[in-house]
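Novice: Structure of the sequence below:
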Amino acid sequence: MKPVRSTRPMNPETLRILDSIARDRNIDRELLIEDLEQAMVSAARKHFNSLDTEEFGCQMDRLSGAIRLWRNIEGEGIEEIPLSAMGRIPAQTAKQVMIQRFREDERNSLLDEFAKRQGEVVTGAAQRYEGGALVVQIDRAEGFMPRSEQIPGEQFHPGDRVRCLILDVRDAGNQVKIVLSRSHPDFIRRLFEQEVPEVSERVIEIKAMAREAGFRTKLAVSSIDSKVDAVGACVGVRGSRIRNIVDELNGEKIDIVRWNESSQVLIANALKPAEVEEVSLCFELGRATIIVREDQLSLAIGRRGQNVRLAARLTGWDIDILTPEEFAKGLENLEATVRGIEGITEVMLDRMGALGMISVFDIEEVGEGVLVEELELTDELAATIVERAAARAHEISEEQAKAKEEADAKAAEEQSADAILSATDADAESSAASILGGGPAVPEAPASTEEEAQVEQTDAAAEASADALLGGGPASEDAGATDQKD
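Specialist: Next comes the predicted model:
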């Protein structure tokens, strides 16, 4: 039996409220109306203590806002339920159900919206810190930036503008967690896409990146157009483009290097501004040995090893930096160790050097299998070479450890001697000062409170007596009274 339609009063105010919620929270209007209808059904079931989900029905007119509620009674048909007949408790139930469903709709809307914006750079306003994490207001949602995703040393105050990357969007039960970042390498990538049109148009490609947030970043860039200089376009005229990015990162240094398919050239570029003399690669170990002049050594390593560390991460190679003297010494040790073995020729030694095996430590690390495969040696000869190299490497390690211990002991002795000399000089100065009257050898003990009081009384009495004798004033109050009486 179809429900009998009856005329219901218009309720435009409800429609206006629903339209406002749908617009402010980006929720579908039809979804809100369905939530309202379900809430009214829940209220009716509460009012009649019914467990049958099919017994009640509700429909809201999409144009007038009129709400129609009915009950399907078995054997009797449809019974209209006036909204005024609903009690206070069912009305409260309808309110709670509506609020809960509206919140779920808003959470789903936020999840869908920000999941599409993951990896995007957004601008928000700092709100507060919660357990070290920065809470940022982004549009109609709150995101949080964990301490690990913040740039070290940065501090924001409420209301400050915060430019950050939407790193992740998580469904955390009854809320949506939006994880933000300013330390992630992709934040640098997105900033370059915004500042350098050639990067966003894919004319220039960022091939590799290594970053230590707050300190330094290295980028390797290449251009698909021979007429476009990749490095120059990223830097901009007089550094205008790179300056905007550096200012956004509060002075973080950015090195832009030219990408090259050759690992040797790329490693040399990555270590700039240091000048590299030679690059030797050992593919079996994934290690690159870099030779630089003595005056370029500290520049190549960088402050606290930062330059070589970032270069290694940028290129994907383990990098060892040596001076020409250290490199030659390593080759001499290797040659002296291996040359005496029967069956070793100059060609084999040259091939070891070409493969990047330039020290006894490298021979020990690569093992017998690589020597047999690359140099076509017998198993016995390869085992002998590795055994000799391992023994020599152990000797060198012991020599270096012993030299370090001696250096540390010598430094400790010099430090102890300096401390003794300083103490002797201090004692001599103190004794001389005491003899010459430059100051008391023993500090005077402070007088007790009773002694100070007695001294003050004695001084006061002496001053009063002197004044009386010299006519400067009465010696006592009694004397003054006598003079006034006379």
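
Novice: Tell me where this protein has strands.
Specialist: Ranges of strands in the chain, per DSSP state E, are 56-60, 67-73, 77-80, 121-130, 133-138, 141-145, 161-172, 175-181, 204-212, 216-223, 253-258, 278-282, 287-291, 318-322.

Novice: Which of those strands sits closest to R238?
Specialist: strand 253-258 (14.9 Å; Cβ to Cβ). Quick note: C-beta positions are derived from backbone N, CA and C, even for glycine.

Novice: what would the strands of the chain look like in TSV with mean pLDDT?
Specialist: Below are the strands of the chain laid out as TSV (pLDDT from 0 to 100):
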stretch	mean pLDDT
strand 56-60	87
strand 67-73	84
strand 77-80	81
strand 121-130	94
strand 133-138	94
strand 141-145	91
strand 161-172	92
strand 175-181	91
strand 204-212	94
strand 216-223	94
strand 253-258	94
strand 278-282	90
strand 287-291	91
strand 318-322	92
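
Novice: could I get those as JSON lines with mean neighbour count and distance to L297?
Specialist: Shown next, in JSON lines, are these (neighbours: other Cβ atoms under 10 Å; distance: least, Cβ to Cβ, whole Å):
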{"stretch": "strand 56-60", "mean neighbour count": "19", "distance to L297": "79"}
{"stretch": "strand 67-73", "mean neighbour count": "17", "distance to L297": "82"}
{"stretch": "strand 77-80", "mean neighbour count": "13", "distance to L297": "92"}
{"stretch": "strand 121-130", "mean neighbour count": "16", "distance to L297": "39"}
{"stretch": "strand 133-138", "mean neighbour count": "20", "distance to L297": "40"}
{"stretch": "strand 141-145", "mean neighbour count": "22", "distance to L297": "39"}
{"stretch": "strand 161-172", "mean neighbour count": "17", "distance to L297": "37"}
{"stretch": "strand 175-181", "mean neighbour count": "21", "distance to L297": "35"}
{"stretch": "strand 204-212", "mean neighbour count": "19", "distance to L297": "21"}
{"stretch": "strand 216-223", "mean neighbour count": "21", "distance to L297": "18"}
{"stretch": "strand 253-258", "mean neighbour count": "18", "distance to L297": "18"}
{"stretch": "strand 278-282", "mean neighbour count": "18", "distance to L297": "14"}
{"stretch": "strand 287-291", "mean neighbour count": "23", "distance to L297": "10"}
{"stretch": "strand 318-322", "mean neighbour count": "19", "distance to L297": "7"}
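
Novice: want to throw the ones you listed into a markdown table with distance to V41?
Specialist: Below are the strands of the chain laid out as a markdown table (distance: least, Cβ to Cβ, whole Å):
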| stretch | distance to V41 |
| --- | --- |
| strand 56-60 | 5 |
| strand 67-73 | 8 |
| strand 77-80 | 14 |
| strand 121-130 | 39 |
| strand 133-138 | 36 |
| strand 141-145 | 31 |
| strand 161-172 | 27 |
| strand 175-181 | 27 |
| strand 204-212 | 56 |
| strand 216-223 | 58 |
| strand 253-258 | 61 |
| strand 278-282 | 73 |
| strand 287-291 | 71 |
| strand 318-322 | 68 |
